[in-house]
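> pasting the structure only:
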Ligand code: SF4
Ligand code: SF4
């Protein structure tokens, strides 16, 4: 059986990447993620979080976009790559996420406790 971090590494590699509209963050937050993934994100103090959330839906979003892009959670990566999470601007990868992979990701969300980012 996969360790959680191996599972995350595998699932991340299976989600195709695509180019977003530069500067767009219309699909961002609030999102939940596993404790393994959240442990890779920088800690945000209550004050910084409150201030960030006054302006944005996610504490890791700033004027320049996602500040944790390389470690963004699975749900952020999945957005725009499946018919169930379409980009409102029609952006998508050439090939969408394989439905069997999406099923594995959805199962991961159910089986692994998710916490608010
Ligand atoms: S997936 Fe679409 S809505 Fe989300 S950031 Fe990219 S372009 Fe914007
Ligand atoms: S972690 Fe990054 S991509 Fe995900 S919702 Fe927050 S700012 Fe957006």
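Nice, thanks for sending it over. Source: prediction; values computed, not measured. Ligands and ions are numbered 1, 2, ... in the order given.

> wait, what's in contact with the residue nearest the centre of the chain?
Note on the chain: the residue nearest the mean C-alpha position is residue 76, at 2.0 Å, using Cα atoms, centre = their mean. Contacts for residue 76 were tallied using Cβ atoms under 8 Å, 6 or more residues apart in numbering; they are 28, 31, 66. Every C-beta, even on glycine, is put in place using the N, C-alpha and C of the backbone.

> out of these, who's nearest residue 57?
Distance to residue 57, by Cβ to Cβ, is smallest for residue 28 among those, at 5.6 Å.

> buried residues, the lengthiest helix in the chain. List them.
For the chain, the helix with the greatest residue count under DSSP state H is helix 99-111. Within helix 99-111, the residues that count as buried by 16 or more other Cβ atoms under 10 Å are 101-102, 104-105, 108-109.

> and for stretch 54-68?
Buried residues in stretch 54-68, counted by 16+ other Cβ under 10 Å: 56, 58-61, 66-68.

> likewise stretch 4-14?
Across stretch 4-14, burial judged by 16+ other Cβ under 10 Å covers 7-8, 11-12, 14.

> just give the nearest non-adjacent residue to residue 16, would you?
Once flanking residues are discounted, residue 16 sits nearest to residue 93: 3.7 Å by Cβ to Cβ, 6 or more residues apart in numbering.
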